[in-house]
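Let me see the structure of the following:
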Amino acid sequence: MPDMILLEVEEKMEQRVKDLRHELAKIRTGRANPNMFNDVHVDYYGVETPINQVANIGVPEPTQLIVKPYDRSLVKDVEKAILAANLGVTPNNEGVQLRIVLPPLTRERRVELTKLVKKYGEEAKVSIRNYRRDGNDAIKKLEKASEISEDDSHGYQDDIQELTNKYSELIDKVVQEKDDDIMSI
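Predicted coordinates for the structure are as follows:
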C-alpha cells in the first residue's frame, strides 16, 4: 500500500512537469515554433478540431510559420481560429496557406516573458509540494492505522521528500532552459 502511494505521488509529479512543459511551449520566444498552436482549434464541419489535425504547420525560416490546411476551403476558418486564439500574431492569407511572420521581441517583452515563465515554474513547484503533503498525509494515516511501523513511515516520507527534491530541480531546469531561450537573440 505505501508503495502505491509513492508511485501515485511520482506519477502526479511527472504529469505536472509535462503540463509545465506544455504551458511553456505556448510562450513565444522570438523563434517560430509550431507548438504555439497546440491549443488552437478549428471548427471543422461542426467539430472543434486541433489545428494540427486539419493543417500542416511548417517553419520555412526562423521567424516564420506556414499553416497549410489539407482542405483549401478551411483557410479562412483556420485564419479566424488563429486570430481568436489571441497569440499576438496576425496570419497573412495567401489563398492556399497562411504565412505568419513573428515580430522580433523587444527587451521589455523578453523580461515580461521570463517573469511569466518563472511564475509558471513557481506554480508547478507549489503543485509538487502539495503532492508531497498529500503523500505524507496518506503515509501518516497508514501509520496511525498501525498498517506500517513508525520507522517505515519515516522512510516513506523521506522517499517522498527525495521525489519532491528531484522534481523541483527538474522544474528549475525546465524554467532555466525556457528563460535562456527567451533571452537569446
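
Got phi/psi on residue 96?
phi -100, psi -10 (degrees, to the nearest 10).

how close does it sit to residue 114?
Counting by CB to CB, to the nearest Å, the gap from residue 96 to residue 114 is 38 Å. All C-beta atoms are positioned from the backbone trio N, CA, C, and that covers glycine.

before we move on, what about residue 26?
Separation of residue 26 from residue 114 (CB to CB): 15 Å.

Same drill for the two, tell me which one is more crowded.
Between residue 26 and residue 114, counted using other CB atoms under 10 Å, the more crowded position is residue 114 (18 against 15).

Do me a favour and average the pLDDT over the helix or strand harbouring residue 179.
Take DSSP states H and E as the rule and residue 179 turns out to sit in helix 150-183. For helix 150-183, the mean pLDDT works out to 92.

Mind giving me the packing neighbours of it?
helix 2-25, helix 107-144 (3 or more CB pairs under 8 Å, 6 or more residues apart in numbering; DSSP states H and E).

buried residues in that helix?
Buried residues in helix 150-183, defined by neighbour count with 16 or more other CB atoms under 10 Å: 153, 156-157, 159-160, 163-164, 167-168, 170-171, 174-175, 178-179, 181-182.
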